[in-house]
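**Student:** pasting a predicted model and its sequence here:
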Amino acid sequence: MKKKNTIFGISLLTFLTLIVFNSCEDKDPVRASFTTSSTEVNRGDSIHFSNRSENATHYQWDLGDGTTSALQDPSHVYDVAGSYKVILISFGTEDSDTASLTINVIQTYEVTVFEGIGIEGVDLFDTWADIKAIYTSDTIYRRSYLEHHELFSHFIGFYQEGLGFNFASEDTILDDDEQAWLITVVLPYEGATDAGIRSGSTMAKVKVKYGEPEQVIEGEEYYAYWYDSKGVDFYSFEEDLVDRIDVYFPITASTKSSDHHVSIFNQMRKGRSPFLFGNQ
């Protein structure tokens, strides 16, 4: 009787083992997979990832530029040109699988306007001597006295290049060592900002790339988006297109309180006429 029980016990254990083994064997493994709208995308354009994973319950994406996502089908915008390895980890209840793909982000234009910094070859606070050594064509010169600040504002416009430079000094004459505190860009200057905005871009595109303006100015003959903390303004004189870009040192709460000159420059910028190259 004892032997019969032993045989029965062995048979039951074998049967249960087979059930467990078969149940594990029948469970479909996780297989990670994804596609993308393109493996090559322009910098600043959105790219969409389509998850094709099988038998997964949740996901973890590494988009290659420090950005992660737990969405099933994320979209992303790469701000810097280069190659990025995108990794997807798909998780099931008991296992996981990984898939990857390289995305090439290309820059389709020459960046020559740097928000809060300057333009190609000239930075904010470069001297008048440095600037006139580079640009030698005919100029437009305007001077105005800012009584409240007891300063003279000097504007030098190189209209053949589509560039203008503003200076502030205590003298009626612009000395070589005076520094440019604002740079103005208009046509025929062809450079784009780091976000791809150039003369002729729509003001709607400005908002897409930069977000809502920190201040919107509506004059009788112009429309302006001001982004003080980024150090860039955009002006439109007709048809909702960018006609002028101003570059200046970024204005923040800390610079306003710690730098008296920055505060003055900001007040001067906001108080001047937008028409510096004639009736644009």
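**Tutor:** Okay, I see it.
**Student:** residues in contact with R198?
**Tutor:** 109, 113, 190-192, 242, 245 (CB atoms under 8 Å, 6 or more residues apart in numbering). Heads up, the C-betas are built off the backbone N, CA and C, glycines and all.
**Student:** distance check, it against I140.
**Tutor:** As judged by CB to CB, to the nearest Å, R198 and I140 stand 22 Å apart.
**Student:** give me the buried entries from the contacts of R198.
**Tutor:** For the contacts of R198, a burial check counting by 16 or more other CB atoms under 10 Å picks out 113, 191-192, 242, 245.
**Student:** looking at those, which is nearest F155?
**Tutor:** I245 (15.5 Å; CB to CB).
**Student:** how many neighbours does F158 have?
**Tutor:** Residues lying near F158 (other CB atoms under 10 Å) number 20.
**Student:** so it is in contact with Y135, correct?
**Tutor:** Yes - assessed by CB atoms under 8 Å, F158 is found in contact with Y135 at 4.7 Å.
**Student:** state the mean pLDDT of stretch 100-112.
**Tutor:** Throughout stretch 100-112, pLDDT has a mean value of 85.
**Student:** before we move on, what about stretch 218-231?
**Tutor:** pLDDT averaged over stretch 218-231 gives 89.
**Student:** quick one on the thing from earlier: most widely separated two among the buried ones among the contacts of R198?
**Tutor:** G191 and V242 (12.2 Å).
**Student:** possible to save the buried ones among the contacts of R198 as CSV with secondary structure and distance to T67?
**Tutor:** Shown next, in CSV, are the buried ones among the contacts of R198 (DSSP: H, G, I helix; E, B strand; the rest coil; distance: CB to CB, whole Å):
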residue, secondary structure, distance to T67
V113, strand, 26
G191, coil, 28
A192, strand, 24
V242, coil, 29
I245, strand, 28
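**Student:** distance to E94 added to those residues, as TSV?
**Tutor:** Shown next, in TSV, are these (distance: CB to CB, whole Å):
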residue	distance to E94
V113	54
G191	56
A192	51
V242	56
I245	56
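**Student:** mind listing what T184 touches?
**Tutor:** Going by CB under 8 Å, 6+ apart, T184 touches 157, 163-166, 244-247, 276-277.
**Student:** cross those residues against helices and list the overlap.
**Tutor:** Using DSSP state H, no member of the contacts of T184 falls in helices.
**Student:** closest to N51 among those?
**Tutor:** The shortest approach to N51 among these belongs to I245, at 40.0 Å (CB to CB).
**Student:** the closest one touches I197, doesn't it?
**Tutor:** Yes - using CB under 8 Å, I245 makes contact with I197 at a distance of 7.2 Å.
**Student:** mutual contacts of these two, please.
**Tutor:** Residues touching both I245 and I197 by CB under 8 Å, 6+ apart: F234.
**Student:** list the contacts for the closest residue to S38 other than its chain neighbours?
**Tutor:** Distances taken as CB to CB, 6 or more residues apart in numbering put I47 closest to S38, at 6.6 Å, once the chain neighbours are dropped. I47 sits next to 36-38, 41, 75-78, 103 when contact means CB under 8 Å, 6+ apart.
**Student:** repeat that for 7 Å
**Tutor:** Contact analysis of I47 by CB atoms under 7 Å, 6 or more residues apart in numbering lists 36-38, 41, 75-76, 103.
**Student:** then H76?
**Tutor:** So H76 contacts 47, 63, 67 (CB under 7 Å, 6+ apart).
**Student:** got it, and S69?
**Tutor:** Counting by CB under 7 Å, 6+ apart, S69 has contacts 61, 63.
**Student:** L187 versus that one, what's the distance?
**Tutor:** The value you get for S69 to L187, if CB to CB is used, is 40 Å.
**Student:** how about the helices in the stretch 51-200 of the chain?
**Tutor:** Remark: helices assigned in the stretch 51-200 of the chain by DSSP state H, counting those that start in this stretch are 128-134.
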